[in-house]
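Undergrad: Here's my sequence, what's the structure:
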Amino acid sequence: MKKDMAKKVLFINQEITPYVPETNMSVMGRDLPQKVQEAGLEIRTFMPKWGNINERRGQLHEVIRLSGMNLIIDDTDHPLIIKVASIPQSRIQVYFIDNDDYFTKRQMTTDEAGEEYADNGERAIFFARGVLETVKKLRWAPDIIHCQGWMSAVVPFYIKKAYHEEPSFANTKIVTSLFSEQLKGDLGSKFKSIVAFRDAKKELVSGYNEKFDFVELGKLALDYSDGIIEARPTVNKELLDYAAEKKLPILKYPGEDFIESYVDFYDKIYPTSED
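TA: Next comes the predicted model:
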């Protein structure tokens, strides 16, 4: 396996265990950054600060120098709060995107009754912009952004359109992982208008279905990604077929011993002069 110390990978995760219960996605959210770091790459890791995360047990604390920005979504100001913690028994630091309305007072995708939140689309937009604004403040320019989970699906669109002139992201490549977990409902009638930001204009999403559901969100992510990873053996076939039609590089499910395949795939997506 090649070790490229210069390569920087930003992980934007929906779930990371032990902060949330174990799922295929949350275990990968923990294991992948750790294994990539052990392979010699430089990493940063983000996730939402879901309301069911125990801050005291997880030893989360606010990073004052990164907090304090307001993000305007649908003409409303939403304060951005950044927290940080280190995963026990590893050297992985996790940055958490927090906001009272979107995360602190909420569960994850669904409420206590199991109903999906009507503003999940807004939450994904806030999360995407919160991560990217924070990475800019860190003065850290990722070579690859690896998105895992529907909450990160707006990121590729923003990187290629809204943040393409930012020095931090000028040369960044996007990898999107497809998982088995899916949203059941849609993101609401306003999603297409409120996702617009800077050069990520509303016209660019006009061609997607009016009912902006999990598949449409996945297509939006794939349309602006540079490579796709089949993270589980059973993922949405429509999205896999869509990626194949677009002739995107696809890493088929590599099995449980995945790290070498992932690092090689990063090298394929973002070749360096040594490769």
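Undergrad: shaky segments in the stretch 1-150 of the chain?
TA: In the prediction, the stretch 1-150 of the chain carries residues with pLDDT under 70 at positions 1-6.
Undergrad: Swap in 90 and give it another go.
TA: When residues are selected by pLDDT under 90, those of the stretch 1-150 of the chain lie in 1-6, 74, 88-91, 104-114, 116-119.
Undergrad: Please, where are all the strands along it?
TA: For the stretch 1-150 of the chain, the strands defined by DSSP state E, counting those that start in this stretch cover 8-13, 42-48, 61-62, 70-73, 76-79, 81-86, 93-98, 144-148.
Undergrad: Mind putting the ones you listed into JSON lines with distance to residue 157 and mean neighbour count?
TA: Bear in mind the C-beta positions are built from the backbone N, C-alpha and C, glycine included. Listed next are the strands of the stretch 1-150 of the chain as JSON lines, based on distance: least, Cβ to Cβ, whole Å; neighbours: other Cβ atoms under 10 Å:
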{"stretch": "strand 8-13", "distance to residue 157": "13", "mean neighbour count": "25"}
{"stretch": "strand 42-48", "distance to residue 157": "17", "mean neighbour count": "23"}
{"stretch": "strand 61-62", "distance to residue 157": "29", "mean neighbour count": "13"}
{"stretch": "strand 70-73", "distance to residue 157": "15", "mean neighbour count": "14"}
{"stretch": "strand 76-79", "distance to residue 157": "19", "mean neighbour count": "13"}
{"stretch": "strand 81-86", "distance to residue 157": "22", "mean neighbour count": "18"}
{"stretch": "strand 93-98", "distance to residue 157": "17", "mean neighbour count": "22"}
{"stretch": "strand 144-148", "distance to residue 157": "11", "mean neighbour count": "26"}
